[in-house]
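> 3D, please:
(chains A and B)
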Amino acid sequence: MSEAFVLDRPAPTGGCAETPVLRERGQREVFCGLTGIVWLHRKMQDAFFLVVGSRTCAHLIQSAAGVMIFAEPRFATAIMEEKDLAGLTDTNDELDRVVDRLLARRPDIKLLFLVGSCPSEVIKLDLSRAAGRLSEKHSPAVRVLNYSGSGIETTFTQGEDACLAALVPQMAEAPANAPQSLLIVGALPDVVEDQFRRLFAAMGIERVDSLPARKIADLPAVGPNTRFLVAQPFLGDTARALEDRGAVRLDALFPFGAEGTTDWLHAAAVAFGVDELKFRAVVAPGRERAARALEKVRPALEGKSIFFFPDSQLEVPLARFLSRELGMIPLEVGTPYLHRTHLARELPLLPSATRLSEGQDVDRQLDRCREARPDLSVCGLGLANPLEMEGLTTKWSIELVFSPVHGFDQAADLAELFARPLNRRDRLSDAIVPARAARREAASCN
Amino acid sequence: MQLTVWTYEGPPHVGAMRIATAMEGLHYVLHAPQGDTYADLLFTMIERRGARPPVTYTTFQARDLGTDTAELFKTAVIDAHARFQPQAMIVGASCTAELIQDDPAGMALAIGLPIPVIPLELPSYQKKENWGAAETFRQLVRHLTQVVERSPMPGRRPSCNILGPTALGFRHRDDVVEITRLLQRMGVDIHVTAPLGATPADIARLGAADFNVVLYPEIAGEAARQLEKMCGQPSVRTVPLGYGATIDFINEVCALTGLDPAPVLDGVPSRMPWWSRSVDSTYLTGKRVFVFGDATHVIAAARVATEELGFEVVGMGCYNREFAREVRAAAADLGLTALITDDYLEVEDAIAALQPELVLGSQMERHIAKRLRIPCAVISAPFHVQDHPARFSPQMGFEGANVLFDTWVHPLVMGLEEHLLHMFRDDFEFSDEAGASHLGGHSAAPQTGVQTPAPAPVAAEGQSLASTEVAAVVSEIVWAPDAEAELRKIPFFVRGKARRNTERFAVEQGLATIGVETLYDAKSHYSR
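Next up, the predicted model:
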């Protein structure tokens, strides 16, 4: 199979593989890892997430969850109080009491995560020991695990990484002579996961598992014959934990857009010895559908510049997709953390003029963005309205994490997420968007 | 440790942010880890603010701990001063920074900036958002306000400060406009409104006004006390929320200033009293209402509900314990025991047990009411973006009274419509399963079979178990199919009450099964 089939167009020479990265250290305008709970609690249907933290943590989760989208969420906070910190109570006793009360209220819980926060890390509350103790107490009905979602350790989507990495030791040992199996790693919306499963089945790859599984009882086994595909670029620790158990990561582009999805599926096809012609036949319909749908969105995005503030770590693959399949011009691609190994195939495909930045000093980055005047700025919720007020069009990035965006049949939906703010701006009259009229005038003078 | 699913109030530093964000020319440097910046989006998303809050976070990480977090803080203060050029700065720590004990106050003072730098001590593990806002405002007054001589009031227009409106306050922006207009019409000049729209320089000259209007006691109460002490300024403490309270407010201001209240009270200051007396409002009589939120809005709402709309308040309470005494007193006047809690599960219990016909609450109660399929209007923070409307929509003053009438009555089925729904319940195009016409399709309940009760929440320690105990007994009672069918003939908006009354009646009578007769026995029992 030729590389040309997988890649829709040739890679720009060098791309961003060797580009120096701007590393900044300053105020970060990014959610902490606790917020991963907001999607993880819906994905794992018998799991519950108990943040051991402060009132701030509880307030954060609430705000991140759109001020209560869910009436009865599968998460809560054990708020530490003065008496816990002053040593007037035994924090472990307190935690046990809270967990007992929680499990009595929610007997449907099979898996309980104790989620570490900034304050619990700083006071060095040993949640792994607590998890062990509570697991023993409540087994076999409930398994208790722990991970850290603290803002001093993790940013936004890294919370999912920490959570999935905590699941890896719970996976059974697959025997050395087990048939080769495929593992999809990353919380994907069920509809997307099912689409991928159908494609793999059509290729003849029989054994496909997911991490996380929808139920703890379905947590797959892992071993040297496990091959895994990472669906999200932020799962570095999870990948390492799987590799430590002998599993082998299949290197691929991330499954965004027709090109990325084809490459991602192809990596599995190669590993499982799927016949090339068969692979082509299986992916062709989806790939054509994606290409057709993308052509419709392309006119809205082609030639438009885009600036990514760091948020979800999806920035590099998204910029690759937008530049190669839709003709957008990435000016700056900021990411909280640049995982060189997992992005090894992505970086060469970014236009070489792209500025890569890692970490953040939000005020300086805002200065660069104002200077660059991109057509579209991708940023977190705290920055979106202020940038709109300054006349910049924005895409709030959180939707990229919550919406089904992976795979062939979501490629155009993903593109549409970026086209919509521009479309909206075009529809509104100049009376509503004075900045656009001013820009048009400036452009015509040149 | 306190187990919480949702919380009414944020931490105290969010209260400080509400003050800083409301003001101009003030900057807040907050020693905090990454993640605490989420608070920005409360302002930019819920309130649709077009600017970031004037807050710089130090964003320390684990690898900084024990080494250079103090240095990070100093750099952040110096950079923020250079970039934003504020008139004054407040500095403090969030919950995690409080644990690492870097002493932001000492460090900030050591830098020696050429502007006032006010340190905030906001104990995160003891206090909450409203307290943090009140304390921040008090500290600003304490550090910035200058004591000045005032000339005697008679012979000139009196002036006042309006104290308490903040960013992210429930309709504070519009209340200020309404109350400013009202005071001006009475002949009172507004000297300074703070914190909303004020600069540190404005805080400095607060002392020159004749008196203070404490619009939101939760936020301005302490600052007003400070001003009374420092500058000898009296305070008007009636909160002009509701028609009657607005008249009381006018009279209090006039008693203090010697102005004549007649000119502003003459004419028709509000449509509300007539709307309320008009015949279509008859259906509001005795509607059973549950009120919960912050103390100020709850006390006012209970008065409006009983005296101005003819509702029956069947339960009330607040989440801010600092004002528990006032709410308890107001509840006692109505023959009720106030529910003082910040555990929304307890509030849910109370609402489920009472089965009111309307809930007046915060975003939390809206959620609870939605689950229990009870109409609800929001009267207090915390609130949703939809409660921050584009139109002028005050809660206070005479226009506020109009707004209260509209927004509280809207979720209910209106007078004539209620009768039509009784009459044509079985009409396929006008069935009550479709819900009230003005509520679209959203209010229709899935009416298949037995209504699923909400999962019984676990009672908090020390909480009264009365409601849960009743719930436990009730779950033993069986509805006979014909009684269930008969119950379904009762329109949906009173069905919950009928079901609950019948079950309570059955418990009292020691019945195991509810038949059609039980249903009507209960109806007759409760009609007495």
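
> Could you look up the SS state of A:Ala239?
What DSSP: H, G, I helix; E, B strand; the rest coil gives for A:Ala239 is helix.

> tell me the contacts of it?
By Cβ atoms under 8 Å, 6 or more residues apart in numbering or on different chains, the contact set of A:Ala239 is A:185, A:228, A:230, A:249, A:342. Where C-beta positions appear, they are placed from N, C-alpha and C, glycine not excepted.

> pretty sure the second one contacts A:Gly246?
By that I understand A:Phe228. No: using Cβ atoms under 8 Å, A:Phe228 is not in contact with A:Gly246, being 10.9 Å away.

> So the two - more neighbours on which side?
Using other Cβ atoms under 10 Å in any protein chain shown as the criterion, A:Phe228 and A:Gly246 rank with A:Phe228 on top: 25 against 14.

> can you pull the contacts of the nearest residue to that one once chain neighbours are set aside?
The shortest distance from A:Phe228 to any non-neighbouring residue, by Cβ to Cβ, 6 or more residues apart in numbering or on different chains, is to A:Leu183 (4.0 Å). Applying Cβ under 8 Å, 6+ apart, we find A:Leu183 in contact with A:208-211, A:220, A:222, A:226-229, A:242, A:247.

> which residues does A:Leu183 form a beta bridge with?
Beta bridges link A:Leu183 to A:Asp209, A:Phe228 when assigned by DSSP bridges.

> what's near enough to touch residue 355?
In the absence of a named chain, this looks at chain A. So A:Arg355 contacts A:19, A:22, A:331-333 (Cβ under 8 Å, 6+ apart).

> you looked at the wrong chain, it should be chain B
B:288, B:372, B:374, B:496-497, B:499-500.

> go again using 6 Å as the cut-off
Neighbouring residues of B:Gln355 by Cβ atoms under 6 Å, 6 or more residues apart in numbering or on different chains: B:496-497, B:500.

> Among the contacts of A:Arg355, find me the one that's closest to B:Ala194.
A:Glu332 (40.1 Å; Cβ to Cβ).

> for the host helix or strand of that closest one, what is the average pLDDT?
If you go by DSSP states H and E, A:Glu332 is part of strand A:329-335. Regarding strand A:329-335, the rounded mean pLDDT is 98.

> who does the helix or strand just after that strand pair up with?
Per DSSP H and E, the first helix or strand lying C-terminal to strand A:329-335 is strand A:355-360. Within its sheet, strand A:355-360 is paired with strand A:21-25 (parallel), strand A:329-335 (parallel), according to DSSP bridges.

> Pick the most deeply packed of those strands.
strand A:329-335 (a mean of 24; mean count of other Cβ atoms under 10 Å in any protein chain shown).

> re earlier: report the separation between the residue nearest to A:Phe228 and B:Ala483.
Distance from A:Leu183 to B:Ala483, counting by Cβ to Cβ, to the nearest Å: 55 Å.

> wait, A:Ser345 sits on A:Leu253?
One thing to correct before we go on: residue A:345 is Arg, not Ser. Yes: in this structure, A:Arg345 is within contact of A:Leu253 by Cβ atoms under 6 Å, at 5.3 Å.

> So for those two, which residue has more residues nearby?
Comparing A:Arg345 with A:Leu253 by other Cβ under 10 Å, the one with more neighbours is A:Leu253, at 23 against 20.

> Look up phi and psi at that one.
Main-chain dihedrals, A:Leu253, degrees, to the nearest 10: phi -70, psi 160.

> All good on my end, thank you.
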